[in-house]
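Enquirer: Sequence below, structure please.
(one chain, ligands or ions: 1)
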Amino acid sequence: MLRTSSEILAPIREKVEAGERLSFDDGLVLESPEAPLPEVGELANLVRERKNGNAGYYNINTHLNATNICVYRCSFCAFRSDLREAKGYWMQDDAILERGAEAVANGCTEMHIVGGLHHQAKYDWYRKVISLLHDNYPTLHLKAWTPVEIDWFSRLTKKPIRWVLEDQIEAGLGSLPGGGAEIFHPEIRRQICEHKADTRRWFETHRTAHELGLRSNCTMLYGHIEEARHRIDHLIRLRELQDETGGLQTYIPLAFHPENNKLGIDNHIKKPTALMDLRQMAVARLMLDNVDHIKAYWIMLGIGTAQLALAYGADDIDGTVRHELIYHDAGATTPEVMSVADIEAVIREAGRDPIERDTLYRKVDRTADGFTLGEKITAGV
Ligand code: SF4
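Expert: Purely as a prediction, here's the structure:
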């Protein structure tokens, strides 16, 4: 006999209402088409409001991808370039400093820095990207390098990850972004990015960063060849790290964009639907009971879905953004920048209260000559 939707979700609802942790099997139920999305969303919203009230966080940020030339060939990547391709570029000091000046002039509190692993770039160049920006624009928080890059620096220098992170902190690194996670399960990871830093290295990097006092974000790339069990496995691995260190601050589910990359073209993959996007947001909010924030990255989701996501578990929609290349190269059609007025209107229209935060979730108060930072906004109040 077919069970009704509330029967399917009743045991999970009880656990969520009691603040109990959900299991791997609960995660599979939440992923199942039999579990109606509005009900899954309602449960996620309960947790979201318990943790973050009615807040809709955003920041004023910019991106820097200082080179797109990369030794690796991840099959999902539309951003990378070979050395001799026309689209390949490698930014030098002036261009990097110009990006910093533009960021500060536009009120940015954060620069998000990731990019390719250039065959000819020495570790010192990567270090200089950070020290140049930090020395010249000290108010800019530098959220930089995925474990793939940190692992590469470790190979270039023949030093351990801890040494690389300590050296980067000395240069001005402020926190780690969440990229490079893709899908941790080896069945999938070896098919989409077999050469770059593996799951063990990803966790080693974040664990070490947390031990050194850095906060970091985490992500998952969904909507390609993975299955629900791989996604739940991925979330549980992140939850276990968070139990251990408490250093993860935001989880960002990343929807696969299938254009201009081998994975999408060879497998005839279509971009995930808005319903899939919302389910991933909600499932993450329910499974990651120990991570404070879930982000709906509007650049990738589109503004409409990001607004809806604020009722499906997300409490943050990323920032005003500037110079985003990675998802636009893969077919994203969202604008490349949003004004503060527009991002606040987007959040308000979704029924949430816009709050400008910095990278570390301190409230930003704008003043005539810049900004001041308040205390860290505490989740769970
Ligand atoms: S995802 Fe990163 S490591 Fe992989 S090919 Fe693209 S730029 Fe290189």
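Enquirer: List the buried residues of stretch 181-195.
Expert: Neighbour counts over stretch 181-195 (16 or more other Cβ atoms under 10 Å) mark 181, 182, 183, 184, 185, 188, 189, 192, 193 as buried. For glycine as for every other residue, the C-beta is placed from the backbone atoms N, C-alpha and C.
Enquirer: Kindly report the same for stretch 220-236.
Expert: Under 16+ other Cβ under 10 Å, the buried positions of stretch 220-236 are 220-226, 228, 230-236.
Enquirer: Tell me if it is near the ligand.
Expert: No - residues of stretch 220-236 are not located near the ligand by Cβ under 6 Å from any ligand atom, the shortest gap being 9.5 Å.
Enquirer: what mean pLDDT would you report for that stretch?
Expert: Over the span of stretch 220-236, the pLDDT mean works out to 97.
Enquirer: So, low pLDDT: which residues of the stretch 251-381 of the chain?
Expert: 379-381 (pLDDT under 70).
Enquirer: Pull the number of nearby residues for the residue of the stretch 151-300 of the chain found nearest the ligand.
Expert: Residue of the stretch 151-300 of the chain nearest the ligand, by Cβ to the nearest ligand atom: residue 196 (5.0 Å). Residue 196 is flanked by 24 other residues according to other Cβ atoms under 10 Å.
Enquirer: what residues are up against it?
Expert: 72, 74, 148, 151, 180 (Cβ atoms under 8 Å, 6 or more residues apart in numbering).
Enquirer: one step back: so of the buried residues of stretch 220-236, which ones are in helices?
Expert: 228, 230, 231, 232, 233, 234, 235, 236 (DSSP state H).
Enquirer: unless I'm mixing things up, the fourth one is touching residue 286, no?
Expert: Right, the one you point to is residue 232. No - the pair residue 232 and residue 286 fails to qualify as a contact (Cβ atoms under 8 Å) at a distance of 10.7 Å.
Enquirer: list residues touching both of those two?
Expert: Common neighbours of residue 232 and residue 286 (Cβ under 8 Å, 6+ apart) are residue 27.
Enquirer: Please, where are all the strands along the stretch 51-200 of the chain?
Expert: 55-59, 61-64, 110-113, 141-144 (DSSP state E, counting those that start in this stretch).
Enquirer: strands paired with the third one, and their directions?
Expert: Pointing back at strand 110-113 there. strand 61-64 (parallel), strand 141-144 (parallel) (DSSP bridges).
Enquirer: Over to the longest one?
Expert: Here the strand partners of strand 55-59, with direction, are listed using DSSP bridges: strand 316-319 (parallel), strand 353-356 (parallel).
Enquirer: how about the residues of the chain near the ligand?
Expert: 70, 72, 73, 74, 77, 79, 80, 116, 117, 148, 193, 196.
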